[in-house]
Structures are given as structure tokens and as C-alpha cells.
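Enquirer: Fold the following for me, if possible:
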Amino acid sequence: MSAPDPTAALEPRLPSPLQPVDDERFARHGLRLLLKRDDLIHPDIPGNKWRKLAPNLRAAAGRPLLTFGGAYSNHLRATAAAGRLLGCPTIGVVRGDELAHRPLNDSLARCADHGMRLVFVDRATYRRKSEPEVLARLLRDSAPDDAYVIPEGGSNALAAEGCASLGRELRGRADVAAVACGTGGTLAGLAAGLGPDQRALAFPVLKGDFLAAETLRIQRSAFGGRRGAWSLDERFHCGGYARTTPELNAFAAEFEARHELPVERTYVAKMLWGLTVLATEGVFPPGTRLAAVITGQPDSSSR
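Expert: Residues are numbered from 1 along each chain as shown. Model (predicted):
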């Protein structure tokens, strides 16, 4: 008999709704814009955070969770919320030991309110967190012996398998599935889950060339040779994670007013902005159905 699924009690809304929107910036080019409302999956663990965390929570089977993130990490907040809801301890290793002596920002305060123990480490140590000896030291100093480790952003093979369900939900319903990309796990799973005539288009929120290699590494670990069709467009990251520009903020505010949809700035707005620019540039053939994955909810730190 298989073990009970601990996430079932959290009552996720799956499959998430696919919402058509009327936007002349797409319609004038013969394109149809659809919003894949993954932000509605769960009020505390929305979007790709649910899809990546759920299989890891099943594997953890109630053990304490140790994971990693920056000062504004959506992943840390979601893990902390999951731990509270499921009654398991959580430890968040936070990049930047200088933060230990400052008041918690809204994001980290929410983690603490959910019961997460925050461990601040220097940036050099954080960069080496996946090295066996560094990870062993962090576990020894910060976590119980039986702690279950989830990588930064929740992106591992199990997470990619969870995100493959997103691709399967879009089979036959879109030609291009667009998503904002932080650590590669969501893109790896989305692309692998799509059908042969579909492709994934990712908009990185981080600078750097690691995302393509990391996405391929996760796909090899999770799916072997199955990767699906995907590409990255790196023009819309605004210079790095959590950074915005006046142009991006103006676009997000206009999109919110036009469609009565609050827009998370760090990830979602960059993806929607990128899609709008590409549509204007004529990148997509007329008749293309574009599914924009709304991965997260806005909060005070993202606006």
C-alpha cells in the first residue's frame, strides 16, 4: 500500500484555469493570449512553487525541510508556509550574513511568522552550498539529522517532474507556453510535459548564462533524453532578480487596470512585458495561441 499523500489535505486547485483575455496588442497581430492561472492553485503555495514543492513534500514524508534562498525568495516563503500547514519544521538558509543584524524585511518576516528558522550565511559560503562538504557543515550546524534538503528555488528532478504536469495541462490548448524563469526547474518540467507541436518560451529574471545549462542538467536528471522544445529570451530581466524599471512598472500597472489582474513584478510582469514586445516585433505567426503562465501572486515586496 502506498503512503498517503500529505499534500492532498491542502486541497490544491488543479488543473489551474486557462483564462482567455482580450488584448489588442496581441489581437492586432492575429494572436490569442491565454493566462494559465497557476497563481490560483493555493493561496499560500501558489504557482510553480506548488508544482515544485508538492513532490518534494511527498518525498520528505514529514521530515524537517532545509532549503535556500535570498532575502526576497518566493521559494523560502512557500516552503515556510508548507511547513506550517503540514506541521513539519523548516530551516531557511539565507544568502548574506549581514542580514542577521538587520530588521527582517516583509518577505523574511513572513517566513519567520510561518515558523521557519532563518540561518544567515556569508555569500561565499552560499555560492558553495551545493558542494558536499559545505552542505554537510550547514546540515550539521543548522538542521536535525533527518532533514530533507530542497535546493534553491526548489529546482531538482522531483520538482521538474511536478512541473511537467503544467505542460500536460496545456497540451492541445496553446502553441507557445511562456514562463518566467529563475532557476530552471519550472522550464525543465514545462517543456518536457508539452506536446510535440508545442514549445516553451522562458524569460529569465536573472542575469547570467547558467540557466540553459542548468535547465538541461535538471532535464537529464528528471527525464533522461526527453527535453521538449524550449528557448530563452534574456532581454527582459531588467538587470537582475527583483529589479524593475519605470517602463516595466508602467506596463504592469496598465496591464492590471486593463485586465483587472494584480501582477507580480519580479517574475510575472517581466514575462508579460516580454511577450507583448515580441508580439509587436512580429515574432509569432498569426494564429499563434500564447499561454502565459501566471506563476505567482503579487505582494508588498514585488510592487
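
Enquirer: alpha carbons only for contacts and neighbour counts from here, please
Expert: Will do.

Enquirer: Can you give me every residue that contacts the residue lying closest to Gly153 once chain neighbours are set aside?
Expert: On the basis of Cα to Cα, 6 or more residues apart in numbering, the spatially nearest residue to Gly153 that is not a chain neighbour turns out to be His75, at 5.4 Å. By Cα atoms under 8 Å, 6 or more residues apart in numbering, the residues touching His75 are 49, 69, 152-154.

Enquirer: So which of those residues belong to strands?
Expert: Within the contacts of His75, residues falling in strands by DSSP state E are Gly69.

Enquirer: Give me the subset of the contacts of His75 that lies in helices.
Expert: In helices, defined here by DSSP state H, the members of these are Lys49.

Enquirer: so the residue nearest to Gly153 is in which element?
Expert: With the criterion set as DSSP states H and E, the secondary-structure element containing His75 is helix 74-86.

Enquirer: Please enumerate residues in contact with the helix or strand just after that helix?
Expert: Taking DSSP H and E as the definition, the helix or strand that follows helix 74-86 towards the C-terminus is strand 90-95. When contacts are defined by Cα under 8 Å, 6+ apart, strand 90-95 is touched by residues 64-71, 76, 79-80, 83, 115-123, 126, 142-143.

Enquirer: Can you turn the buried subset of the contacts of His75 into a selection I can paste into ChimeraX?
Expert: Under the burial definition 16 or more other Cα atoms under 10 Å, those of the contacts of His75 that qualify are selected in ChimeraX by:
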select :49,69,152,153,154
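
Enquirer: between the contacts of His75, which is closest to Asp233?
Expert: Checking the contacts of His75 against Asp233 by Cα to Cα gives Gly153 as the nearest, at 19.9 Å.

Enquirer: surely that closest one meets Gly182?
Expert: Yes. Gly153 lies in contact with Gly182 (Cα atoms under 8 Å); the separation is 7.5 Å.

Enquirer: ok, back up a step: look up how far Arg110 lies from the residue nearest to Gly153.
Expert: As for His75, its distance to Arg110 is 12 Å (criterion: Cα to Cα, to the nearest Å).

Enquirer: Could I get the phi/psi values of Leu232?
Expert: Here is the backbone geometry of Leu232 (degrees, to the nearest 10): phi -120, psi 140.

Enquirer: same deal with the one 5 residues further on?
Expert: When quoted as degrees, to the nearest 10, the phi and psi of His237 stand at phi -90, psi -10.

Enquirer: what helix or strand does Lys216 sit in?
Expert: That one is not Lys; residue 216 is Leu. Here Leu216 sits within helix 210-223, counting by DSSP H and E.

Enquirer: so what's the residue nearest the centre of the chain closest to, chain neighbours aside?
Expert: Nearest to the centroid of the C-alpha atoms of the chain, with distances taken as Cα atoms, centre = their mean, sits Asn48, at 4.5 Å. The spatial neighbour of Asn48 that comes closest, neighbours along the chain excluded (Cα to Cα, 6+ apart), is Thr295 at 5.5 Å.
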